[in-house]
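J.: Fold the following.
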Amino acid sequence: MENSIKKYCDYLALQGKSPRTIRAYKLDLEQFLGFVQLFFEDGVPVDAITILNIRDFLRWLNEKPDCNRSLSRKSSALSGFFKFCKEQGWITQSPMDKLKRPKYEKPLPKCFTEEEVRTLLAIPDCSSRFGLRNRAILETLYSSGLRLMELAGIQLSDLDIKKGLLRVTGKGNKQRIVPVGSHALKAINEYLDVRSTFVFDSSPNLLFLTKSGKAFDTKQLDIILQRYFELIARAKGYTPHSLRHSFATHMLTRGADLRAIQELLGHSRLSTTETYTHVSLEDIKEAYKKGHPRSNE
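T.: Numbers count the residues shown, from 1 in each chain. The predicted model follows:
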């Protein structure tokens with residue numbers, strides 16, 4: 001089974017899956033392999049795995065705290081893996097076929113309020129080149145609802161300032177065109193005036209650069225952004241992804257079409273975007289409780 005997992009990961013790479021996704025699925029499958037090895041004396045043949053092995057594994061995971069989200073991903077990893085094995089002719093039937101996969105409740109994403117976003121975007125010290133860069137990063141993330149990896153990969157040629165448009169390369173190397181708001185464009189223009197101070201001979205042709213003139217990785221961006229988040233909401237546990245969630249939620253609250261938000265976020269399925277309808281409904285219910293005289297009677 002170990003060799004099958006390696007071939008499956010190679011297949012995912014050919015399908016354009018991100019290294020992060022492949023790494024997560026590999027770890028999930030290796031965890032399953034480690035679990036089922038207890039029931040086999042010498043190696044784990046793929047065609048020997050049964051639905052009982054899968055159920056025992058999921059039951060074992062279910063006993064762990066905060067397993068809800070990881071259970072869903074691990075089920076997806078197993079389903080994709082055994083489907084691949086069946087297509088390769090290594091097994092005649094996937095042990096996942098007869099398994100009724102439970103629906104896992106997804107926690108609602110954490111979002112900034114509009115007032116918190118205004119406060120956040122005003123924090124960077126624009127008297128320094130780093131402040132100008134960081135404000136442009138914050139404005140761009142919120143203006144266009146980008147993932148960190150998408151922001152890190154923006155080439156200078158991806159940005160059309162005159163038209164206010166940005167070409168974004170998302171998951172699976174899928175590209176989409178998103179608008180950039182006037183505040184973000186202003187912040188980007190002011191950063192571009194000092195971008196040359198970040199450039200070295202070996203610098204890539206990327207929009208945003210580190211102090212050493214290199215490409216950002218998501219961990220570096222996360223560290224920078226968390227410093228700002230802690231200044232306005234230390235206890236709320238906001239993450240860089242909260243800006244993306246806020247982008248979608250605020251647009252939906254103000255009447256944007258759900259399909260349009262799906263396109264802007266780069267979601268392949270509308271069901272993923274529909275998460276934000278629940279967030280807005282929670283806001284509506286809370287407003288109702290506060291405002292209606294008979295809501296709590």
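J.: residue boundaries of the strands in this structure?
T.: 159-160, 165-169, 175-179 (DSSP state E).
J.: So which of those strands is the most surrounded?
T.: Mean neighbours per residue, mean count of other Cβ atoms under 10 Å, is largest over these for strand 165-169, with a mean of 18. Quick note: C-beta positions are derived from backbone N, CA and C, even for glycine.
J.: helices and strands around it, which ones?
T.: If you count contacts as 3 or more Cβ pairs under 8 Å, 6 or more residues apart in numbering; DSSP states H and E, strand 165-169 packs onto helix 129-144, strand 159-160, strand 175-179.
J.: Minimum distance to Arg167: which of these has it?
T.: strand 175-179 (5.7 Å; Cβ to Cβ).
J.: May I have the strands that pair with that closest one, each with its orientation?
T.: strand 165-169 (antiparallel) (DSSP bridges).
J.: Measure how far the strand it pairs with is from the centre of its chain, please.
T.: Averaging C-alpha positions (Cα atoms, centre = their mean, to the nearest Å) puts strand 165-169 17 Å from its chain's average.
J.: Residues contacting it, please?
T.: Here strand 165-169 makes contact (Cβ atoms under 8 Å, 6 or more residues apart in numbering) with 140, 144, 146, 150, 153-154, 158-160, 175-180, 266.
J.: try stretch 199-212
T.: By Cβ under 8 Å, 6+ apart, stretch 199-212 touches 130, 133, 136-137, 151-159, 188, 195, 198, 213-216, 220.
J.: Which ChimeraX command selects the buried ones in those?
T.: This is the ChimeraX syntax for the buried subset of these, where burial follows 16 or more other Cβ atoms under 10 Å:
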select :133,136,137,151,152,153,154,158,159,188,195,198,216
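J.: Mean pLDDT and distance to Leu231 added to the strands of the chain, as CSV?
T.: What follows is those, written out as CSV (pLDDT from 0 to 100; distance: least, Cβ to Cβ, whole Å):
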stretch, mean pLDDT, distance to Leu231
strand 159-160, 96, 28
strand 165-169, 94, 27
strand 175-179, 92, 28
